[in-house]
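> Turn this into a model:
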Amino acid sequence: MTTTTLHAPEEVQARIEKLLLEVDELPSIPETLMEILKVLDDPDSGPSDLGEVIRLDAPLMARILRLANSPYYSSRGDITDINRCVTVLGYRTVRQVAICVSVATSVMSAVAEVGGGLDYRELWRHSVITAAVSKYLGRLAGYPDPEELFTSGLLHDMGKFVLEIHAPTRYSQLIAARTECARSLSDMETEEFGFDHGTLGAAFGRSWRFPEVLTRSCAEHHNPPHDVRADRGDDRAVALVALADYLANSIEPCRSDLGFDPELCDATGLHDAAGLTVAQVEESLPVMREHIARASAFLDLD
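Next up is the predicted model:
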């Protein structure tokens with residue numbers, strides 16, 4: 001394994017952008033997702049516009065309707081139309097689910113094609129658990145948009161998927177080496193590639209036009225802001241996702257090594273930044289586990 005000299009931020013960004021352009025297996029942003037993001041950017045758009053875009057992509061619509069009828073959202077079993085789905089679940093929920101499903105299916109397919117050593121299905125399981133915990137913590141902390149936190153948690157480790165696509169052999173070797181030396185995976189990624197999975201995930205998110213709260217959750221989930229500003233909702237979102245990532249690894253440990261070591265985290269600092277006490281979170285663990293179990297509907301998006 002080689003050691004890479006650290007570079008200035010501008011050079012790191014240039015190298016990442018070059019990587020994203022050169023990796024043949026890396027999926028480009030799906031056309032439907034581009035249209036969904038256009039709808040979200042249009043202040044005059046509404047639920048019917050979102051439904052019209054989703055209806056044009058039959059596989060995506062089928063996945064969204066299946067999730068809408070799952071225990072995580074309603075268990076009604078009677079939501080058969082996308083407009084009805086928007087009415088029952090709400091515009092914000094459906095748009096976030098549409099983003100999650102679009103990104104997940106594209107990236108997971110690309111990773112499966114590579115056939116590397118990373119247990120990408122277990123990484124996806126961890127992502128789903130982090131998403132469920134993020135949303136639950138958001139409600140506990142009074143965050144105004146818990147669905148946004150679900151999406152942020154689900155996509156926080158996108159950089160690991162991209163590294164697996166870019167250099168599957170080197171990346172699996174690096175994760176195995178981290179286990180032996182008990183160092184931070186982010187530090188070892190930076191030495192090996194010149195950037196870590198958080199920085200790469202944020203760059204990938206920007207190339208797919210993710211909102212800033214999603215790209216920041218990718219970039220900073222291992223280094224969240226400690227001085228959370230009241231006038232910056234993104235600060236609180238990043239802090240909640242960082243705490244959710246830690247909790248997901250602690251209460252639902254990964255069944256294969258994905259390079260995370262909870263013992264290297266400042267658990268008290270993560271709780272403080274998220275605006276929650278350790279006691280609050282510990283008292284909520286039984287309900288949190290119920291939310292995790294219901295979120296299993298996101299594990300199979302085929």
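> For the rest of this, base every contact and every neighbour count on C-alpha atoms.
Will do.
> From the contact counts, what lies against the host helix or strand of E52?
If you go by DSSP states H and E, E52 is part of helix 47-55. Helices and strands touching helix 47-55, by 3 or more CA pairs under 8 Å, 6 or more residues apart in numbering; DSSP states H and E, are helix 31-41, helix 58-68, helix 82-89, helix 91-114.
> if we look at the last one, which residues are touching it?
Same thing as helix 91-114. Helix 91-114 is contacted from outside by 25-27, 29-30, 32-33, 36, 46-47, 50, 54, 60, 63-64, 85-86, 120, 147-148, 151, 154-155, 161-162, 164-165, 168, 301-302, using CA atoms under 8 Å, 6 or more residues apart in numbering.
> swap in the third one?
Surrounding helix 82-89, the residues in contact under the criterion CA under 8 Å, 6+ apart are 47-48, 51, 54-55, 61, 65, 68, 73, 79, 93-94.
> Give me the buried entries from these.
Burial by neighbour count, judged by 16 or more other CA atoms under 10 Å, picks out 47, 51, 54-55, 61, 65, 68, 79, 93-94 from the contacts of helix 82-89.
> Dump those residues into a markdown table; add pLDDT and distance to W124 as well.
Converted to a markdown table, these look like this (pLDDT from 0 to 100; distance: CA to CA, whole Å):
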| residue | pLDDT | distance to W124 |
| --- | --- | --- |
| P47 | 87 | 29 |
| G51 | 91 | 27 |
| I54 | 93 | 24 |
| R55 | 93 | 26 |
| M61 | 94 | 21 |
| L65 | 93 | 20 |
| A68 | 91 | 20 |
| I79 | 90 | 26 |
| T93 | 89 | 20 |
| V94 | 90 | 20 |
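> Same list, the residues you listed, but as a markdown table with distance to A267 please.
Shown next, in a markdown table, are the buried ones among the contacts of helix 82-89 (distance: CA to CA, whole Å):
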| residue | distance to A267 |
| --- | --- |
| P47 | 40 |
| G51 | 41 |
| I54 | 40 |
| R55 | 44 |
| M61 | 39 |
| L65 | 37 |
| A68 | 34 |
| I79 | 41 |
| T93 | 30 |
| V94 | 33 |
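> How far off centre is stretch 200-218?
10 Å (CA atoms, centre = their mean, to the nearest Å).
> Identify each buried residue in it, please.
Neighbour-count burial for stretch 200-218 [16+ other CA under 10 Å]: 200-205, 208-210, 213-218.
> Stretch 62-78 now?
62-72.
> lowest confidence element among the helices and strands of this structure?
Lowest by mean pLDDT, DSSP states H and E among the helices and strands of the chain is helix 9-22, with a mean of 82.
> Output that one as PDB - backbone C-alpha positions only.
This file holds the C-alpha atoms of helix 9-22, laid out as PDB (Å, rounded to 0.1, in the frame of the first residue of the first chain):
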ATOM      1  CA  PRO A   9      -7.600  21.700  -0.900                       C
ATOM      2  CA  GLU A  10      -7.700  23.100  -4.500                       C
ATOM      3  CA  GLU A  11      -5.500  20.200  -5.800                       C
ATOM      4  CA  VAL A  12      -7.500  17.600  -3.800                       C
ATOM      5  CA  GLN A  13     -10.700  18.900  -5.400                       C
ATOM      6  CA  ALA A  14      -9.200  18.900  -8.900                       C
ATOM      7  CA  ARG A  15      -8.000  15.300  -8.400                       C
ATOM      8  CA  ILE A  16     -11.500  14.200  -7.200                       C
ATOM      9  CA  GLU A  17     -13.200  15.800 -10.100                       C
ATOM     10  CA  LYS A  18     -10.800  14.100 -12.500                       C
ATOM     11  CA  LEU A  19     -11.500  10.800 -10.800                       C
ATOM     12  CA  LEU A  20     -15.300  11.300 -11.100                       C
ATOM     13  CA  LEU A  21     -14.900  12.000 -14.800                       C
ATOM     14  CA  GLU A  22     -12.600   9.100 -15.500                       C
END
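> buried stuff in it?
Of all the residues in helix 9-22, those buried under the rule 16+ other CA under 10 Å are 12-13, 15-16, 19-20.
> how distant is it from the center of its chain?
Computed by CA atoms, centre = their mean, the chain-centroid distance of helix 9-22 equals 21 Å.
> Can you name every helix or strand that it contacts?
With contacts defined as 3+ CA pairs under 8 Å, 6+ apart, helix 9-22 has these neighbours: helix 197-207.
> Can you spell out which helices and strands pack onto the helix or strand that the helix it packs on is followed by?
Scanning forward in sequence from helix 197-207 by DSSP H and E, the next helix or strand is helix 212-220. In terms of contacts (3+ CA pairs under 8 Å, 6+ apart), helix 212-220 is packed against helix 146-155, helix 197-207, helix 233-251.
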